[in-house]
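S.K.: Generate a structure from the sequence data that follows.
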Amino acid sequence: MVRVLSFSILIAFAASAALAEDLVPNTLNCAAFNKTPDGKWTAVQTITFDAGAVSGMTLSKGTGVGPHAINVNVDLYDLIEAKCGKK
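M.R.: Sure thing, here's the model as predicted:
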């Protein structure tokens, strides 16, 4: 039982590490976002950042980002969730 539990924890840790490594190159600042009770992310300030091949992407203060918020082939929700979800 202990081995199975340890193995499961190891797999979960490896999967989360893989997600962090798989992020598109970006300049996203997690301090600019707050997660709301409904699971969306809200920009707490106007932010300009690069993500993947897109540079100079701007979100205005108060902009909400929910699941499947795709902007120029970058899923912003997934990016913010992966990078900032554990802040």
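S.K.: Look up which residues are beta-bridged to the closest residue to Phe33 other than its chain neighbours.
M.R.: Spatial nearest neighbour of Phe33, excluding adjacent residues (C-beta to C-beta, 6 or more residues apart in numbering): Trp41 at 4.7 Å. Glycine gets a C-beta too; all of them are placed from N, C-alpha and C. Note on Trp41: beta-bridge partners by DSSP bridges are Lys35, Val65.
S.K.: quick one: Trp41 from Thr48, how far?
M.R.: 16 Å (C-beta to C-beta, to the nearest Å).
S.K.: Between these two, which is the more surrounded one?
M.R.: Between Trp41 and Thr48, Trp41 has the larger neighbour count (other C-beta atoms under 10 Å), namely 24 against 12.
S.K.: do you know how far the more buried one is from Thr27?
M.R.: With C-beta to C-beta as the criterion, Trp41 and Thr27 are 16 Å apart.
S.K.: likewise Pro37?
M.R.: Pro37 is 28 Å from Thr27, by C-beta to C-beta.
S.K.: between those two, which one's more packed in?
M.R.: Taking other C-beta under 10 Å, Pro37 and Thr27 do not tie; Thr27 has more neighbours (11 against 5).
S.K.: Please look at that one and Asp50 and confirm they touch.
M.R.: Yes: with contacts counted by C-beta atoms under 8 Å, Thr27 reaches Asp50, the gap being 4.6 Å.
S.K.: burial count for Leu79?
M.R.: Number of residues near Leu79 (other C-beta under 10 Å) recorded here: 21.
S.K.: Kindly list the main-chain dihedrals of it?
M.R.: Backbone torsions of Leu79, given as degrees, to the nearest 10, read phi -60, psi -50.
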